[in-house]
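In: okay, here's the prediction I keep looking at, along with the sequence it came from:
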Protein chains: 2
Amino acid sequence: MKFAIDAMGGDNAPEAIVEGTIRAAQAFPDLQFVLVGDRDKIESLVGNQKQIEILHTTEKIEGTDAPVQAVRRKKQASMVLAVQEVREKRCVAAISAGNTGALMASGLFGVGRIKGIDRPALAPTLPTIHENKGFLFLDVGANAETKPENLLQYALMGSIYAEKVMHRKNPRIGLLNIGEEPGKGNELTKKAYQLLREAPLNFVGNVESRELLQGPADVIIADGFSGNLVLKSIEGTAMSLMQLLKETLGGSLYTKVLTGLMYGKLKSIKTRMDYSMYGGALLFGLAAPVIKVHGAAKSQAVFAAIKQAKILVEEDVVGTIEESLHDKDHAWLNSKA
Amino acid sequence: MKFAIDAMGGDNAPEAIVEGTIRAAQAFPDLQFVLVGDRDKIESLVGNQKQIEILHTTEKIEGTDAPVQAVRRKKQASMVLAVQEVREKRCVAAISAGNTGALMASGLFGVGRIKGIDRPALAPTLPTIHENKGFLFLDVGANAETKPENLLQYALMGSIYAEKVMHRKNPRIGLLNIGEEPGKGNELTKKAYQLLREAPLNFVGNVESRELLQGPADVIIADGFSGNLVLKSIEGTAMSLMQLLKETLGGSLYTKVLTGLMYGKLKSIKTRMDYSMYGGALLFGLAAPVIKVHGAAKSQAVFAAIKQAKILVEEDVVGTIEESLHDKDHAWLNSKA
């Protein structure tokens, strides 16, 4: 089983990417890796790791590049070549911490969509304040304009993923909305509510954003605009509160000492809320596994994403989604879409 | 100057409402109040406060009532009568911690809209992690469906409020969006961006939800669906993190003692982030001041909302918005709408 890793994407490339890959190689001796990027910059980092080979290219896509144009113009970019390894069946999954939109475009041009899925969705797993209750959240920004049918497709894909990869039985599907009662929301969520209610899913109804970190569902469905706003609100609030805590408690030597004594406990909170423990965000709906790692990812997050990719491939999540879309139980989906 | 207070709305009514009103009466000896509600339940709480009179009614609107129907059917509800006091000029502002939708409906039926404003917006002030940088956030849920022109109107109203009540010079107006660059977002925010850029406002461009608590603008504009999701995400994340902190640090006697020693500092963080210090949410666009207090409000929040209402009236914010909409400088607004 071989994975293609974009060595040049993200804020901490190539160091964090290579380091995470080496950790994964050590943890899983049966895996193979292709690191795609500038040989001069990554060869010394890789050392003599036998499971890792390098595919050399100097071209790369920047975070500020316009996605579609960049993918069309930079045909030798590390990200594009990583996806190409998957298209040409040399690798089973591609992983990148680079430009999200460009990765989506590389995926759409490179491996295409699952038949029956109109739009892929970006789906990270978020932590909750109580352990082992993290939830899958999609879409967090692959599509700014969304139809009710897209939300239904997200729900189906999410349900399969939650069952196969997160090991949740009969996964609870919640619809992100501005009120819990049926009939609340905008036109999109009102229509999606009806579709989800009629679908053979464990639909638990509307979920308000205030409840998310308490773990009210295994999968939360949202349009990409709303999902992106909420994801970044959670991140920003957590970050700002931690900053405030640090500034306030770090003010005097007295509180500094007290805080120091609680270091282990405070650290455990930070770890619990740390996204990097939860792997990357799958681009749901692409015809092969393509995983986006957070742009600020360190080696731990790269390692977690590779581990996640391994399960995705072993459980054949993409294949299962594709089959489910076309088996008789899901004829309802195609009749709606 | 007399204020109408719905004594029966919110989770802590009537105790917290009456208590907050008494505090305001003591702080501002020139103010008068009408507490609207069940005399049997509030008279003993009021005591012999000379600035407070009671308007008796036993009918009230519940949090679970459907807004428009409730306002139409319950013509003697405490909230409806409070707004009626304003319509009939006996009071200068109405304040309620009850059902938000019903308060909006009471306002629309009771005092109507400012001419030129198509849809009122619900606008709380949110704290930021650094002092004195709170920002006005609108709309947080008055309207689930919004047009670009509505967002432009929110911006104009918010700008006037930020200048007159928050004392910000040349207030910075930001548009909530999923990317900072122009051209990011959905159809609504793309169009709104163009309108805002051309308007005679200090428009600072798109603002991502991750930045909000850092205080990137004095006024943040959003459609009511997105605004509601983001507001509740911030509230929920802060609440969940505080809960996690408490659970983790309260675990052993050792950390309990250490936490106790830092009580003052931790309390100051809670106070800084406490919405109740920032007053209520004005229903922007109604033809007279109607203020919504958080449903979970305690007496401090009621007091803050009354103080805010006092400034609103003294600065004639509603009148200023109305004039601004029709003076020659804002002819551009009417030509767009």
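Out: Structure received. Remember, it's a predicted structure, so these values are computed and weren't measured experimentally.
In: after whichever strand or helix holds A:Leu175 comes which helix or strand?
Out: Here A:Leu175, judged by DSSP states H and E, is contained in strand A:172-176. Heading C-terminal from strand A:172-176, the first helix or strand you meet, by DSSP H and E, is helix A:187-198.
In: mind listing what's buried in that following helix?
Out: By 16 or more other C-beta atoms under 10 Å in any protein chain shown, the buried positions in helix A:187-198 come out as A:188-193, A:195-196. (Glycine included, C-beta is placed from N, CA and C.)
In: pick the one among these closest to B:Leu245.
Out: A:Thr189 (32.5 Å; C-beta to C-beta).
In: and the gap between the closest one and A:Ala77?
Out: 37 Å (C-beta to C-beta, to the nearest Å).
In: now swap in A:Glu323 and tell me
Out: 33 Å.
In: go on, A:Gly47?
Out: Plainly put, A:Gly47 is 25 Å away from A:Ala77 if you go by C-beta to C-beta.
In: more neighbours: these two, which one.
Out: Neighbours were counted for A:Gly47 and for A:Ala77 using other C-beta atoms under 10 Å in any protein chain shown; A:Ala77 has more, 28 against 9.
In: tell me the phi and psi of the more buried one?
Out: With angles defined as degrees, to the nearest 10, A:Ala77 sits at phi -60, psi 150.
In: leaving out chain neighbours, which residue sits closest to the residue positioned nearest the centre of chain A?
Out: For chain A, the residue nearest the mean C-alpha position is A:Ala281 (0.6 Å; C-alpha atoms, centre = their mean). Counting by C-beta to C-beta, 6 or more residues apart in numbering or on different chains, A:Pro124 is the residue found nearest to A:Ala281 once chain neighbours are left out, at 3.8 Å.
In: buried residues, stretch A:141-153. List them.
Out: Neighbour count says stretch A:141-153 has A:141-144, A:146-153 buried, by 16+ other C-beta under 10 Å.
In: what mean pLDDT does it have?
Out: In this model, stretch A:141-153 carries a mean pLDDT of 93.
In: contacts for it, please.
Out: A:100, A:104, A:116-122, A:139, A:175, A:188, A:191-192, A:194-196, A:199, A:221-225, A:227-228, A:231, A:283, A:285, A:333, A:336-337, B:178, B:185-187 (C-beta atoms under 8 Å, 6 or more residues apart in numbering or on different chains).
In: and stretch A:66-83, by the same measure?
Out: A:4-9, A:34, A:36-38, A:55, A:57-62, A:65, A:91, A:94-96, A:98-107, A:109-111, A:290.
In: out of those, which are buried?
Out: Buried among the contacts of stretch A:66-83 by 16+ other C-beta under 10 Å: A:4-9, A:34, A:36-38, A:55, A:57, A:59-61, A:65, A:91, A:94-96, A:98-107, A:110-111, A:290.
In: in helices, which of the residues you listed fall?
Out: A:100-107, A:110 (DSSP state H).
In: mind checking the SS state of the closest residue to A:Ala142 other than its chain neighbours?
Out: Nearest residue to A:Ala142, sequence neighbours excluded (C-beta to C-beta, 6+ apart): A:Leu122, at 4.2 Å. Per DSSP: H, G, I helix; E, B strand; the rest coil, the secondary structure class of A:Leu122 is strand.
In: which pLDDT value does the model give A:Leu122?
Out: For A:Leu122, the predicted pLDDT is 94.
In: how much space between it and chain B?
Out: 12 Å (C-beta to the nearest C-beta, to the nearest Å).
In: now do A:Ile311
Out: From A:Ile311 to chain B the distance is 27 Å (C-beta to the nearest C-beta).
In: contacts only, for A:Ile52.
Out: A:21-22, A:25, A:32-35, A:46.
In: nearest residue to it in space, please, no chain neighbours.
Out: Nearest to A:Ile52 is A:Phe33, by C-beta to C-beta, 6+ apart, at 4.6 Å.
In: please name the bridge partners of that neighbour.
Out: A:Phe3, A:Ile52 (DSSP bridges).
In: isn't it right up against A:Ala25?
Out: Yes - using C-beta atoms under 8 Å, A:Phe33 is in contact with A:Ala25, at 6.3 Å.
In: shared neighbours of these two, which are they?
Out: A:51-52.
In: higher neighbour count, the two?
Out: For A:Phe33 and A:Ala25, the more surrounded residue by other C-beta under 10 Å is A:Phe33, and the numbers stand at 26 against 20.
In: for that one, give its distance to chain B.
Out: For A:Phe33, the distance to chain B - C-beta to the nearest C-beta - is 32 Å.
In: please apply the same query to A:Lys115.
Out: Taken as C-beta to the nearest C-beta, the span from A:Lys115 to chain B is 27 Å.
In: give me the mean pLDDT for the helix or strand A:Gln26 falls within.
Out: A:Gln26 belongs to helix A:15-27 when assigned by DSSP H and E. Here the mean pLDDT over helix A:15-27 is 97, rounded to a whole number.
In: run through chain A and note the low-pLDDT ranges.
Out: Where chain A drops to pLDDT under 70, the residues are A:270-278, A:328-337.
In: tell me which stretches of it form strands.
Out: For chain A, applying DSSP state E gives strands covering A:2-6, A:32-37, A:52-56, A:93-96, A:121-123, A:125-126, A:135-138, A:172-176, A:202-207, A:219-221, A:281-284, A:290-292.
In: the shortest one: partners in the sheet, and parallel or antiparallel?
Out: Partners of strand A:125-126 in the sheet, by DSSP bridges, are strand A:135-138 (antiparallel).
In: how far does the strand it pairs with sit from the chain's center?
Out: 9 Å (C-alpha atoms, centre = their mean, to the nearest Å).
In: got the contact list for it?
Out: Contacts for strand A:135-138 (C-beta under 8 Å, 6+ apart): A:121-126, A:128, A:154, A:157-158, A:161-162, A:166, A:212, A:215, A:217-222, A:227, A:230-231, A:284.
In: show me which of those residues are buried.
Out: Using 16+ other C-beta under 10 Å, the buried ones in the contacts of strand A:135-138 are A:121-126, A:128, A:154, A:157-158, A:161-162, A:166, A:212, A:215, A:217-222, A:227, A:230-231, A:284.
In: next, format the strands of chain A as TSV and append distance to B:Gly295.
Out: Shown next, in TSV, are those (distance: least, C-beta to C-beta, whole Å):
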stretch	distance to B:Gly295
strand A:2-6	48
strand A:32-37	54
strand A:52-56	57
strand A:93-96	45
strand A:121-123	33
strand A:125-126	27
strand A:135-138	26
strand A:172-176	21
strand A:202-207	18
strand A:219-221	24
strand A:281-284	35
strand A:290-292	39
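In: ok now the strand holding A:Leu175, how far from the chain's centre?
Out: 18 Å.
In: one more: stretch A:216-229?
Out: The chain centroid and the centroid of stretch A:216-229 are separated by 13 Å under C-alpha atoms, centre = their mean.
In: C-alpha coordinates for it, CSV please?
Out: In CSV, the C-alpha atoms belonging to stretch A:216-229 read as follows (Å, rounded to 0.1, in the frame of the first residue of the first chain):
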residue,chain,number,x,y,z
PRO,A,216,-25.0,16.0,19.8
ALA,A,217,-24.4,13.9,16.6
ASP,A,218,-21.8,11.8,14.9
VAL,A,219,-22.1,13.7,11.6
ILE,A,220,-23.1,17.4,11.2
ILE,A,221,-24.2,18.5,7.8
ALA,A,222,-23.9,22.1,6.6
ASP,A,223,-23.6,24.1,3.4
GLY,A,224,-19.9,25.1,2.8
PHE,A,225,-20.4,28.7,3.6
SER,A,226,-22.1,28.1,7.0
GLY,A,227,-19.7,25.2,7.8
ASN,A,228,-16.7,27.3,7.2
LEU,A,229,-18.0,30.2,9.3
